[in-house]
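Q: Quick one: sequence plus predicted model below, questions after.
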Number of protein chains: 2
Amino acid sequence: VGRTHAAVLAELADILPKKPDLIEWRVDFFENIGDTAIVINVASRIREAAGGIPIIFTCRLVSEGGERIPLTDDDTLKLYVAACASGCVDLIDYEMSNPAENLVRLRYASRDNDVAMILTYHNYQHTPKAADLYAQFMNAERHGADIAKVAVMPKGPEDVLTLLGATWRASEASQIPVVGLSMDGSGALSRLFGWVYGSAMTYAVGKNRSAPGQVPIEELHSVLNTVDHALEG
Amino acid sequence: VGRTHAAVLAELADILPKKPDLIEWRVDFFENIGDTAIVINVASRIREAAGGIPIIFTCRLVSEGGERIPLTDDDTLKLYVAACASGCVDLIDYEMSNPAENLVRLRYASRDNDVAMILTYHNYQHTPKAADLYAQFMNAERHGADIAKVAVMPKGPEDVLTLLGATWRASEASQIPVVGLSMDGSGALSRLFGWVYGSAMTYAVGKNRSAPGQVPIEELHSVLNTVDHALEG
């Protein structure tokens, strides 16, 4: 989530020793996001430093929790296409709320470059009913996503159960990996044990958090180990 | 869960440095359970060693996951009454499936001696519907319990969500603390995160486990800390 080239690389240097399975670059935090050449240059530096660790390229929409950026939706789409073509990223994360035509264009651009597409549904207001969440996972699959992601806001602990239940059912029904996240403090449980409910990925704090409720990666690893042993009985 | 006097005290010595909030003595594991005087003598030694840490006295029925013991149900009731009268225990855990008359008798004996009564519903076969679980919590309260406990067997991760949801609703509706547990490996999540859903107590492994899915107390403390920080935000 660094704002400058130096900040991004400094964060990366802090994060790598913690051995993440994946690294996400939230490019909407980057001050030079308006200059595609600079963005791609940073991406290539990240690629170089990260070695074989897959990199997720994410430009979160301001309407879905991202930073305010000076790009139009079409500029953003072009930036994603450039990232795919650069060979520097392995996955992109794109909002399903974008125009269907953009989803199609990005699907082609990503597939042509062997980049996996995460299609994401966000709801920052509340947690829809389980059936609606399930439908969003299936929607992402129907749009050709390689990974279907749903992140919603809980109003209480019960909403986290709703999200986990829907994630579980989607993971059983879907042909692609699904990721279910409940946001904010009370959603933190979903970040720690969503994997038990079929969620294929979780987000931890490397150096600075990109969303509320994220847990430091060291603590996440420790909880995962404890739960893993406990589940074995 | 020691079988001998020496084993019980050795376990206790191992456990105390781990600073539990409560200690449970599963007396059904004790080989001299048939001799009330010996049982009370051990209880008084536990009391002495444990200092101010509250002690739960539990003689689990064999039909509800306990050890096979040479006592009739009436003998067991008398043992509970003797434990209450001894001044050596702070709480008792008794199955709600016992005859209503026994519940009443033990309610008097415990109240007379300022011992808190946990009334417990077990289901080792499966996880009943959320409404049925909720009814069991309320049942315990109606029978005069100080703490209502429900422990059920999950058949999959979704059943753990059912237990947590029912625990949450019962904790909101009930005038007494509730404890909700999902057993076995896949229920382990409820032992780690049940407190987020209003469960007032969880069971960890001090030295030897008394039920599958229990987590070592050190790991439990570490997970609780992580979740606690994450929930704050």
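A: Sure, I can see it.

Q: alpha carbons only for contacts and neighbour counts from here, please
A: Noted.

Q: what does chain A have sitting close to chain B?
A: A:157-158, A:161, A:165, A:168, A:184-189, A:193, A:196-197, A:212-215, A:219, A:222-223, A:226-227, A:230-233 (CA under 8 Å from any CA of the partner chain).

Q: Just the buried ones from those?
A: Among the residues of chain A next to chain B, those scoring as buried are A:157-158, A:161, A:165, A:168, A:184-189, A:193, A:196-197, A:212-215, A:219, A:222-223, A:226-227, A:230-231, A:233 (criterion: 16 or more other CA atoms under 10 Å in any protein chain shown).

Q: Next step: those restricted to strands.
A: Among these, the ones falling in strands (DSSP state E) are A:V215.

Q: Tell me the buried residues in the top helix by length along chain A?
A: Counting by DSSP state H, the longest helix found in chain A is helix A:157-173. Within helix A:157-173, the residues that count as buried by 16+ other CA under 10 Å are A:157-171.

Q: Remind me which helix or strand A:G144 belongs to.
A: Secondary structure from DSSP states H and E places A:G144 outside every helix and strand.

Q: Name the nearest residue to it, sequence neighbours excluded.
A: Leaving aside its chain neighbours, A:G144 sits nearest to A:R107 (7.1 Å; criterion: CA to CA, 6 or more residues apart in numbering or on different chains).

Q: and the one you found, how many neighbours?
A: 21 (other CA atoms under 10 Å in any protein chain shown).

Q: Quickly note the distance from A:A82 to chain B.
A: 35 Å (CA to the nearest CA, to the nearest Å).

Q: which SSE is that residue in?
A: Here A:A82 sits within helix A:73-86, counting by DSSP H and E.

Q: Show me the helices in chain A, by range?
A: Using DSSP H, helices in chain A cover A:5-15, A:36-50, A:73-86, A:100-112, A:130-142, A:157-173, A:188-193, A:217-231.

Q: Is it possible to get a markdown table of the ones you listed that adds mean pLDDT?
A: Formatted as a markdown table, the helices of chain A follow (pLDDT from 0 to 100):
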| stretch | mean pLDDT |
| --- | --- |
| helix A:5-15 | 96 |
| helix A:36-50 | 97 |
| helix A:73-86 | 97 |
| helix A:100-112 | 97 |
| helix A:130-142 | 98 |
| helix A:157-173 | 97 |
| helix A:188-193 | 92 |
| helix A:217-231 | 90 |
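
Q: Save the ones you listed as TSV, and put in distance to A:A204 too.
A: Below are the helices of chain A laid out as TSV (distance: least, CA to CA, whole Å):
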stretch	distance to A:A204
helix A:5-15	11
helix A:36-50	17
helix A:73-86	23
helix A:100-112	25
helix A:130-142	22
helix A:157-173	18
helix A:188-193	8
helix A:217-231	5
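
Q: for the residue nearest to A:E24 when sequence neighbours are not counted, what are its contacts?
A: Closest residue to A:E24 apart from its sequence neighbours, by CA to CA, 6+ apart: A:I56 at 4.5 Å. Listed by CA atoms under 8 Å, 6 or more residues apart in numbering or on different chains, the contact set of A:I56 reads A:L22, A:I23, A:E24, A:W25, A:V89, A:D90, A:L91, A:I92, A:D93.
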